[in-house]
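Asker: Predicted model and sequence below, questions to follow.
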Amino acid sequence: MKRSEINNIITEAKKFFNKHNFILPPFGYWNLNDWKQKNKDNIDEIIDRSLGWDITDFGYNNFWETGICVFTIRNGNQENIKKGSGKTYAEKLFFLEVDQKVPSHTHYVKIEDVINRGGGLLGVELFNSKEDGTPDHSSNVILSKDGEKVEFSPGEHFYLKPGESITLVPGVYHKFWGSSEKVLVGEVSLANDDVNDNVFVEEVGRFPEIEEDEDPTHLLITDYDSFL
């Protein structure tokens, strides 16, 4: 992805978040100079827990068809989950354009509530896992939708309205897309580990290669090592 494209995506995301009255924490608005003025020892939680902007086209080279723009607001780590103490949770915000897809994937550890925070309908497709870890196209998926147990056929397409949510457990493959208009999506989960805890149906590139055709307006989580 080109840096100019990433800058434009973040600009659009901030406008959309503001439209829905969702204000990011201060580091969501820091520019490169702001970052460099910070004492790294004081912002190690932001850096180490990968808080901030996270944009990817999953290696498909067409962000607006297959991609996601995420802002991670808070995040613990999986060592805390093992200990059962400390910050064991995470919260994210992202938006999906009309017909923009997030590829089907599941997690080994993370349980998550995915919430339609506003805008259009959020499309969802679900599959259980077979014993070999691949999607099961034969068994129904039973999950909690806003506290109510609901059964879905494998691969059934359903839609979350603004305010609705679904709880996704490890081993359930899930795909998302925007329908009819942009969707503001929230995620509340156990601590997030995008390096070790994602299992995609198809091989994808989780983090993009970036062509630096202009300076970053805001840093991505993958920029911290190279820019700070």
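Answerer: The structure has been received and is ready for your questions.

Asker: what are the ranges of the helices in the protein?
Answerer: 3-19, 32-36, 44-48, 78-83, 224-227 (DSSP state H).

Asker: hey, which helix or strand in the chain has the poorest pLDDT?
Answerer: helix 78-83 (a mean of 90; mean pLDDT, DSSP states H and E).

Asker: So which bits of it are buried?
Answerer: 78, 81 (16 or more other CB atoms under 10 Å). In this view, the C-beta of every residue, glycine as well, is placed from N, C-alpha and C.

Asker: how about the strands in this protein?
Answerer: Taking DSSP state E as the criterion, the chain contains strands spanning 52-56, 68-75, 89-96, 101-107, 112-129, 135-136, 141-145, 148-152, 157-160, 165-168, 173-190, 198-200.

Asker: just those: most buried one?
Answerer: Mean neighbours per residue, mean count of other CB atoms under 10 Å, is largest over these for strand 52-56, with a mean of 23.

Asker: which ones are touching the most centrally placed residue in the chain?
Answerer: In the chain, the residue lying closest to the centroid (CA atoms, centre = their mean) is Val70, at 4.9 Å. By CB atoms under 8 Å, 6 or more residues apart in numbering, the contact set of Val70 is 53-55, 92-94.

Asker: hmm, try it at 6 Å
Answerer: 54, 92, 94 (CB atoms under 6 Å, 6 or more residues apart in numbering).

Asker: Out of these, the closest to Glu214 would be?
Answerer: Asp54 (19.4 Å; CB to CB).

Asker: So the closest one sits against Ile221, correct?
Answerer: Yes - using CB atoms under 6 Å, Asp54 is in contact with Ile221, at 5.1 Å.
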